[in-house]
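Engineer: Predicted model, plus sequence, below.
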Amino acid sequence: MAKLEDGSEKGLKGHFKEDFSHRTRVGLAPRAGHVDRDAPYQRIATEEAWTFPALVKAQMDYLESGAASDDDSLKMAGLFARMPSLQEMLQDLGDLRISHMDEMGIDRQLLLLTAPGVQVVKPGDGTALSREANDIAAEACRKYPDRFSACAAFDPRDVEGSVKELERASRELKLNGAVLNSHFQGHYLDEPAYWPILEALEANDLALYIHPTAPYNAPHYEQRGFFGALAGFPHDVWLHTMGLVFSGAFDRFPKLRLVIGHMGECLPLHLYRFDWMQGNADGRARPLIDRGEPIRLKHPISYYFHNNIWITTSGVAWEPAIKFCQQVLGPERILYAMDYPYQQSYDEVAAYDRMDMSAEEKKLLMEDNARSVFRITG
């Protein structure tokens, strides 16, 4: 096995975890169970990160050029780039990654270009890097058709280029969805200028996975130690998702599929209150966003979570939360994810096998919902 900087072995018994402030590495807890090697379902993990050298170089070149704006997502890319063991796992789409999958019992990964992706590089460079990323991902899927599926990258700052690349990713490369690492220098897809991208996603039958990145107002989080998964990440995806709902995007594009991770960034817990308080925002003008006519939704907020939005369990192998979301959203709307390599654990996989739910619901969670939402066959 390869060695980490601290000399420990980098198998899955040497679980990797990185804290944004202190860069501490922790080990796995003692095993509470064992992965069922004869489970009556495949395990399709749907938020599994990767990157490639040209993108890391482009991010670092722009960060160090002095020309970049004060972009905390780009700074996060610089942090990740200085972690060799993490980069080795992120950049491998072959033997190392598959060996980890085999050890943990993961049958297939859905590859997502890791945050912050192409949307933080020098303006004008993102679409070319998207094409390169999508070509690499498609080649990995062709080489390992039973192990990998992938979502397409795109740079939303180039709307026309994004539309063309999403069409190519769907029609030529046969990728399974698209991934956006949430905001791009404080902009979100609920702004009408970016709606051709939503139209292209719907037209090409591509589910959109919105993955977290560093929040736009990161200093408020960083000063409190909440820059990453504790608050900044989920809050930014929360804003992006609710912005799309209240923009009327799902009324305009009723077949648009949106996927968000980490147990829906806690949004399902608030559906009752969202519907109750919908009038606080519904029908109000959004002059700082679109300067258009006020939009009134056709349905309660909960409708869109039952018809357009799916959630994954990435990083939350917690039976009470999973079963709650299955109850309030429906068992067909929850997908298994691991969040490799940021949060990888043999114990978590074993915990899913032990969860007390029907065989039908377990298969939906671990396999069938991923196949349906991301059009995965084979």
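Structural biologist: Arrived safely.
Engineer: lowest-confidence helix or strand of this structure?
Structural biologist: When each helix and strand of the chain is scored by mean pLDDT, DSSP states H and E, helix 218-222 comes last, with a mean of 89.
Engineer: What is it packed up against?
Structural biologist: Helices and strands touching helix 218-222, by 3 or more CB pairs under 8 Å, 6 or more residues apart in numbering; DSSP states H and E, are helix 72-81, helix 232-247. Using the backbone N, CA and C atoms, a C-beta is placed for each residue, glycine as well.
Engineer: list the buried ones in the lengthiest helix in the chain?
Structural biologist: When the chain is parsed with DSSP state H, its longest helix is helix 126-143. Residues 126-134, 136-138, 140-141 are the ones in helix 126-143 that count as buried (16 or more other CB atoms under 10 Å).
Engineer: now do stretch 217-237
Structural biologist: Of the residues in stretch 217-237, 218, 221-222, 226-229, 232-237 count as buried by neighbour count, 16+ other CB under 10 Å.
Engineer: same question, stretch 190-202
Structural biologist: Of all the residues in stretch 190-202, those buried under the rule 16+ other CB under 10 Å are 190, 192, 194-195, 197-202.
Engineer: closest to K75 among these?
Structural biologist: Y194 (23.8 Å; CB to CB).
Engineer: which residues sit in contact with that closest one?
Structural biologist: With contacts defined as CB atoms under 8 Å, 6 or more residues apart in numbering, Y194 is in contact with 156, 159, 187-188.
Engineer: Against E360, how distant is it?
Structural biologist: Going from Y194 to E360 by CB to CB, to the nearest Å gives 38 Å.
Engineer: So which residues of the stretch 251-378 of the chain form strands?
Structural biologist: In the stretch 251-378 of the chain, the segments counted as strands under DSSP state E, counting those that start in this stretch are 258-260, 309-312, 334-335.
Engineer: Looking at the second one now, give me its mean pLDDT.
Structural biologist: Rounded to a whole number, the mean pLDDT of strand 309-312 is 98.
Engineer: For the contacts of Y194, give me JSON lines that also has distance to G243 and secondary structure.
Structural biologist: What follows is the contacts of Y194, written out as JSON lines (distance: CB to CB, whole Å; DSSP: H, G, I helix; E, B strand; the rest coil):
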{"residue": "P156", "distance to G243": "13", "secondary structure": "coil"}
{"residue": "V159", "distance to G243": "17", "secondary structure": "helix"}
{"residue": "H187", "distance to G243": "10", "secondary structure": "strand"}
{"residue": "Y188", "distance to G243": "5", "secondary structure": "coil"}
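Engineer: Name the nearest residue to the residue at the greatest distance from the centre of the chain, sequence neighbours excluded.
Structural biologist: Here the chain has its C-alpha centre computed as a mean, and the residue farthest from that point, by CA atoms, centre = their mean, is E293 with 31.8 Å. Spatial nearest neighbour of E293, excluding adjacent residues (CB to CB, 6 or more residues apart in numbering): A285 at 7.6 Å.
Engineer: Kindly report the same for A249.
Structural biologist: A249 sits nearest to L198 (CB to CB, 6+ apart), 5.7 Å away.
Engineer: Kindly report the same for V118.
Structural biologist: On the basis of CB to CB, 6+ apart, the spatially nearest residue to V118 that is not a chain neighbour turns out to be G126, at 4.2 Å.
Engineer: need the contact list for E167.
Structural biologist: Taking CB under 8 Å, 6+ apart, we find E167 in contact with 200, 204.
Engineer: And the pLDDT at it?
Structural biologist: According to the prediction, E167 has pLDDT 98.
Engineer: Check which residues of the helix or strand encompassing it are buried.
Structural biologist: Assessed by DSSP states H and E, E167 sits inside helix 159-171. Neighbour counts over helix 159-171 (16+ other CB under 10 Å) mark 159, 161-163, 165-166, 168-170 as buried.
Engineer: need those residues in TSV with distance to I376, can you?
Structural biologist: Shown next, in TSV, are the buried residues of helix 159-171 (distance: CB to CB, whole Å):
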residue	distance to I376
V159	28
G161	27
S162	23
V163	24
E165	21
L166	18
R168	19
A169	15
S170	14
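Engineer: Dihedrals phi and psi, the spatially closest residue to Q185 that is not a sequence neighbour?
Structural biologist: With CB to CB, 6+ apart as the measure, D71 is the residue that lies nearest to Q185, at 6.0 Å, once sequence neighbours are left out. For D71, the backbone dihedrals (degrees, to the nearest 10) come out as phi -110, psi 110.
Engineer: where's the helix or strand hosting S99 relative to the chain centroid, distance-wise?
Structural biologist: S99 is located in helix 95-104, with elements delineated by DSSP H and E. On the basis of CA atoms, centre = their mean, to the nearest Å, the separation between the geometric centre of helix 95-104 and that of its chain is 20 Å.
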